[in-house]
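Student: predicted model and sequence follow; I will ask about them next.
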Amino acid sequence: MARLSLIDSGFLLTESHHSPKHVAALLIFRLPKGKGPAWLRAMLNELKQWPPCFPFNHKLKDQPGPLYELEPDPAVEIDYHVRHTVLPRPGNDRQLLDVVARMHANLLDRDRPLWEFHLVEGLSGRRFAFYFKVHHVLADGITIGRWLENTAADSADDLGTPPIWAHEENTGDREESGINYLQMVFDGVRLLGGGVKTAFGVAALTAKIMQRRFWQGNSLIALPFSAPKTPINVTPGAARKISIASYPLQAVKAIGKARGATVNDVVMTLVDMAVSRYFDLHDDTPDGPLVAYMPVNIRTSEDEGDGNLVTLLQVKLASMHDDPLATLAEVRKSIISAREVYSGATREAVQYYALMVALVSLAEEMLGLHKVFRPVENLVISNVPGSRERLFFRGAEEIGLYPVSTLPPMTALNVTVCSYAGTMYFGLIAGRTAVPDLDVLTGYLDDVYMELAEATGVRVRH
């Protein structure tokens, strides 16, 4: 069995019907020349013959307490996990996204291994899609990206690549557990010692944040309950809305380089300005800068395992949005400030601080505290690196890779970006009731992208 860390277990502890804690990838492929629906269905039947490996052949152990364990599932029902959907031809992107939104709204069955794989055929332009969904307790965006690369090929001639559930087994640094009471005692001593050290680390980090914000007067520091109230800070509900966009990576890099900013700075600015315009459209302009959760990878060169090694930083976004260059400069400064305040803290302290903040959001939702207090944050903006090279699966060219993420409690909007083969793919997911017109927000992303390009002198295709 594999024991989950408390951080990983946090995704299970904070999961609800309104806030499922699975993440997904939507991959778009073009059929190989001369192949059609019969080839797709034969391929899917062949893929089902591959037995799942860890963690796809493990399920949650039925046990009480806040710490969870995975145990082998002796009877994985592959037909339950691997599914087939056919769109009415010729299927368009909106039909695909509506289908994926319905799939993504459903909780994963905790009595089975926590994943699903869907083949969607019928897209126009000789395209088909994979929608791969896995619980966040098993993987973060970096891990999923590695799995996808490990089960893809760099040539259309390689026809033997395995499905994602059959990638080479890697238990990483998951702790093995068993009925060993002496080891349990040692584990308890180690946990107590580590817990005391981590508690001091969290206290030191909290003190540093307070010092920067109040004693040094750094107004860029985001504190819990400092985000403005907005229409997207509600219980997201069960239904989902999904939208997508894509922009050339080279152009985004050039926009950032022109102002001494990173790709991530540009991504955060694009979303900040687009959301601001969306609020203005609905006469819901917030009374201060938005606060975003910004997931940050905290792996080191020694961290080779799968699972979750990511934390959430709170980043205060821009106060004004009339000038795109001024907005970019302010967002860049805020991100630098957020990273600096967390620098020097241990990885465990940063992760536990983020978990505590997330539990505050959950308490707001469960106890109705949002009626009294301001939100912990307003939205999630994440940027995940993907393969630089064009990939193939069984001869089919992968032409798009869109992330489909999760919504935290009291948060009805998440924008996650994945770079792949020279393009940045934006996956927007929202609570359907809170943001029914998500495509309008996506249109504002296009507008802001063009404005930033023009302001920085970067030539882009219309």
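Tutor: Okay, I see it. Numbering: from 1, shown residues only.
Student: what residues are up against the most centrally placed residue in the chain?
Tutor: Nearest to the mean C-alpha position of the chain, by CA atoms, centre = their mean, lies Ser405 at 4.2 Å. With contact set as CB atoms under 8 Å, 6 or more residues apart in numbering, Ser405 has these partners: 23-24, 141, 380, 382, 414, 416, 427, 429. The way it works is simple: take the backbone N, C-alpha and C, and place the C-beta from them, glycine included.
Student: any idea how far it is from Pro289?
Tutor: The spacing between Ser405 and Pro289, counted by CB to CB, to the nearest Å, is 22 Å.
Student: go on, Thr406?
Tutor: 24 Å.
Student: quick one, which of those two is more surrounded?
Tutor: Per other CB atoms under 10 Å, whichever of Thr406 and Pro289 has more neighbours is Pro289, with 25 against 21.
Student: the more buried one: what secondary structure?
Tutor: The assignment at Pro289 comes out as coil when based on DSSP: H, G, I helix; E, B strand; the rest coil.
Student: tell me how far it lies from Pro32.
Tutor: Using CB to CB, we find Pro289 at a distance of 49 Å from Pro32.
Student: wait, Ala239 touches Ala105, no?
Tutor: Yes - between Ala239 and Ala105 a contact is recorded at 5.7 Å, counting by CB atoms under 8 Å.
Student: more neighbours: which of these two?
Tutor: In terms of neighbours (other CB under 10 Å), Ala105 is the more surrounded of Ala239 and Ala105; the figures are 19 against 16.
Student: check contacts around that one.
Tutor: Ala105 makes contact with 20, 238-240, according to CB under 8 Å, 6+ apart.
Student: again, 7 Å this time
Tutor: Ala105 sits next to 238-240 when contact means CB atoms under 7 Å, 6 or more residues apart in numbering.
Student: check Tyr293 too.
Tutor: When the contact criterion is CB under 7 Å, 6+ apart, the partners of Tyr293 are 312, 314, 377, 380, 408.
Student: repeat for Val99
Tutor: Contacts for Val99 (CB under 7 Å, 6+ apart) come out as 85, 87, 120.
Student: quick one: it from Ala129, how far?
Tutor: As it turns out, when the distance is counted by CB to CB, Val99 lies 9 Å from Ala129.
Student: overlap in contacts of those two?
Tutor: Between them, Val99 and Ala129 share the neighbouring residues Val120, with contact defined by CB under 7 Å, 6+ apart.
Student: contact partners of stretch 445-462?
Tutor: Residues from elsewhere that reach stretch 445-462, judged by CB under 7 Å, 6+ apart: 245, 247, 251, 254-255, 258-259, 266, 270, 273-274, 324-325, 328, 426.
Student: now for these, which sits with the most neighbours around it?
Tutor: Highest neighbour count within these, by other CB under 10 Å: Leu270, with 31 neighbours.
Student: neighbours of the closest residue to Pro37 other than its chain neighbours, how many?
Tutor: Counting by CB to CB, 6 or more residues apart in numbering, Pro37 lies nearest to Glu121, which is 6.0 Å off, once chain neighbours are set aside. Neighbouring residues of Glu121 were enumerated by other CB under 10 Å; the total is 19.
Student: against Ser387, how distant is Glu121?
Tutor: Plainly put, Glu121 is 24 Å away from Ser387 if you go by CB to CB.
Student: and for His22?
Tutor: For His22, the distance to Ser387 equals 22 Å [CB to CB].
Student: please state the offset of stretch 105-114 from the chain centre?
Tutor: Using CA atoms, centre = their mean, to the nearest Å, the distance from the centre of stretch 105-114 to the centre of the chain it belongs to is 18 Å.
Student: how long is it from one end to the other?
Tutor: 14 Å (CA to CA, to the nearest Å).
Student: in that stretch, what's buried?
Tutor: 105, 108, 112-114 (16 or more other CB atoms under 10 Å).
Student: dump those residues into TSV; add secondary structure, pLDDT and distance to Pro163 as well.
Tutor: As requested, the buried residues of stretch 105-114 are arranged in TSV below (DSSP: H, G, I helix; E, B strand; the rest coil; pLDDT from 0 to 100; distance: CB to CB, whole Å):
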residue	secondary structure	pLDDT	distance to Pro163
Ala105	helix	94	24
Leu108	coil	96	18
Arg112	coil	96	17
Pro113	coil	97	14
Leu114	coil	97	16
